[in-house]
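K.L.:
my questions are about this predicted structure, shown below with the sequence.
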Amino acid sequence: MINQSLKPLQHCFVYGTLMAPEVLETLIGRVPEMVKPAFLPAGFTRHPVKDQVYPGVISNTPSKTLVDPPISLDEIKESCVQGVLLKDINVSEMEMFDYFEDEDYERLIVSVYIHGENKNEIQQVDANTYIWCAGD
């Protein structure tokens, strides 16, 4: 289903059902450290999935390449998909997320924006995320 090599520990950007601690506890038996807010780069947008209660994110760039990064936190908040960064997810947990998201989503690694040490500072972190690929 998902053809990517897995590192021992990874981060995962989530933007829907997987932001709920109860769902994480049920799926993987724990609630990982969560960094809030986190943002996908410009070029991705979040939409409701037809006839479902969960959202999907789609890429608005054909090659899935990133556009120029925003220059301010305000610009990020206005133009980027907001979610949560789950830190230090192990291989079996990522596999459980793959199963949960199923073939309607493609897992990609993207650079996610989070607050740096200083709340006005922007930091980029590589993370897995799930992109809707099942059409309407």
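P.N.:
That came through, no problem. Residues are numbered from 1 along each chain as shown.
K.L.:
so what's residue 131 closest to, chain neighbours aside?
P.N.:
residue 106 (5.1 Å; C-beta to C-beta, 6 or more residues apart in numbering). Using the backbone N, CA and C atoms, a C-beta is placed for each residue, glycine as well.
K.L.:
what packs against the host helix or strand of that neighbour?
P.N.:
Secondary-structure element containing residue 106, defined by DSSP states H and E: strand 105-115. Counting contacts by 3 or more C-beta pairs under 8 Å, 6 or more residues apart in numbering; DSSP states H and E, the secondary-structure elements packed against strand 105-115 are strand 9-14, strand 34-39, helix 91-101, strand 122-132.
K.L.:
now what about that strand, what contacts it?
P.N.:
2, 4, 11, 13, 35, 37-41, 44, 56, 64, 66, 69-70, 73, 76, 80, 85, 94, 97-98, 101, 121-134 (C-beta atoms under 8 Å, 6 or more residues apart in numbering).
K.L.:
circling back to that earlier point, and the residue nearest to residue 131, how many neighbours does it have?
P.N.:
Residue 106 has 18 neighbours, counted by other C-beta atoms under 10 Å.
K.L.:
kind regards, and thank you for your time.
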